[in-house]
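Engineer: sequence-free structure coming up:
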């Protein structure tokens, strides 16, 4: 063997020993969801190590087992917010095939009659890296802003379609929708904008065009510069606080605005925390849940234990310590929380004709409905004037006897939908699952708010071609 051959052999061996997290797709049977095929694994986000990757659970639609049956159903991605919250909260407490509940201090697994997996394939992704089942080899990899969050997510999702569970081109026919809640008011618009940007460059980059067809965000932190000043008003309107407390809360929010005006975003976030603490501690009656003033704490205490003892056995790294909230991501994105980057991304996706629905529960204190209503009616986009002048219309569903029931209110213009849900809090899919199901099913099927738009015949209807 000559010198050149030895060098070549050495390089080949070196390449073989380079470890990196590869996108995986492991198939399992979940005993609690026998009619949904379960896939798990990691999505490679571009770092050359054997640790960093986004962990996911993927439940196929109920009774869909063949590639043809799976591809025939729309695919929904679900993301929780935080920043730092695991999407397993959605999977096992809100909209997955079953729910893990605390009932009388005992863990109870109940079938979810309103599971999204009855109609759709649902992909639950823990993101950003270091959240839930996701991992990061180095703290320097952790995102510090929405641009980095979106870039890492896009790389992982692209790998899902090219080397993961959807690498067979038949699955590319399934329309994709990204859904989530809370801090996803910032996550999802930025992720969608990144996907659309990459799709627009696909002819140059050669990358696959991801079949994104719409986004849905519940109870979102969307526009903190403008939506958070209504906390005191919300307390008065719902008879939760006195006028004395109202003025105390507003004084804190005035200071928050001063910090906003000086781009002191972390200080502004601390101010809002103080305003919430004042609100909760000085309410007329003891409020146990800032996310739903009408109930006690959400009974989700066993979700973390369930993931650690059951779900982690399905293809996730055995040495990883799962947690439902990532302190590392909370810290790395602390400055990002109140940075005004949600609205610009939302405008971008609307300008590219991507359908958007935003909904909010009227029992949510933390992200209250007057603030969301102000935000959606006042941000600058091409439909602002018309949308802001449209009245909210009653939103109806039919019960089992065929009777009409009002579940909230809604308005629609072009590709933008806003809905306010009655008797729902921050975790609306848990509080009012049938109402959220109605929204999601009709949004995906392009029938939501059709009667509303028909009243304004000069406007374009909410439509998009799959």
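Structural biologist: Ah, there it is. Being a predicted model, the structure only gives us computed values, none of them experimental.
Engineer: Mind jotting down where the strands sit in the stretch 301-450 of the chain?
Structural biologist: Along the stretch 301-450 of the chain, counting by DSSP state E, counting those that start in this stretch, strands occupy 356-361, 393-398, 404-413, 416-421.
Engineer: what angle sits between the first one and strand 416-421?
Structural biologist: With axes from the mean of the first three to the mean of the last three C-alpha atoms, to 10 degrees as the basis, strand 356-361 and strand 416-421 are set at 10 degrees to each other.
Engineer: Report all helices and strands that strand 356-361 contacts.
Structural biologist: Strand 356-361 is packed against strand 212-218, helix 342-351, helix 369-378, strand 416-421, helix 428-431, helix 433-444, with contacts defined by 3 or more C-beta pairs under 8 Å, 6 or more residues apart in numbering; DSSP states H and E. In this view, the C-beta of every residue, glycine as well, is placed from N, C-alpha and C.
Engineer: Burial check on residue 341, number of neighbours?
Structural biologist: Using other C-beta atoms under 10 Å, residue 341 has 17 other residues around it.
Engineer: So it versus residue 426, what's the distance?
Structural biologist: Between residue 341 and residue 426 the distance, using C-beta to C-beta, to the nearest Å, works out to 21 Å.
Engineer: Now do the contacts for residue 176.
Structural biologist: Listed by C-beta atoms under 8 Å, 6 or more residues apart in numbering, the contact partners of residue 176 are 74-77, 210-213.
Engineer: Kindly report the same for residue 298.
Structural biologist: Shown here is residue 298, whose contacts under the criterion C-beta under 8 Å, 6+ apart are 93, 289, 291-292, 427, 430.
Engineer: Sketch out the helices for the stretch 51-200 of the chain, chain order is fine.
Structural biologist: With DSSP state H, counting those that start in this stretch applied, the stretch 51-200 of the chain shows helices at 67-72, 88-89, 146-162, 184-200, listed in chain order.
Engineer: Adding mean pLDDT and mean neighbour count, write those out as CSV.
Structural biologist: Listed next are the helices of the stretch 51-200 of the chain as CSV, based on pLDDT from 0 to 100; neighbours: other C-beta atoms under 10 Å:
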stretch, mean pLDDT, mean neighbour count
helix 67-72, 97, 15
helix 88-89, 98, 26
helix 146-162, 97, 22
helix 184-200, 98, 24
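Engineer: Those into JSON lines, with extra columns for distance to residue 217?
Structural biologist: Putting these into JSON lines (distance: least, C-beta to C-beta, whole Å) gives the following:
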{"stretch": "helix 67-72", "distance to residue 217": "25"}
{"stretch": "helix 88-89", "distance to residue 217": "16"}
{"stretch": "helix 146-162", "distance to residue 217": "14"}
{"stretch": "helix 184-200", "distance to residue 217": "5"}
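Engineer: Report pLDDT for residue 448.
Structural biologist: What the model reports for residue 448 is a pLDDT of 73.
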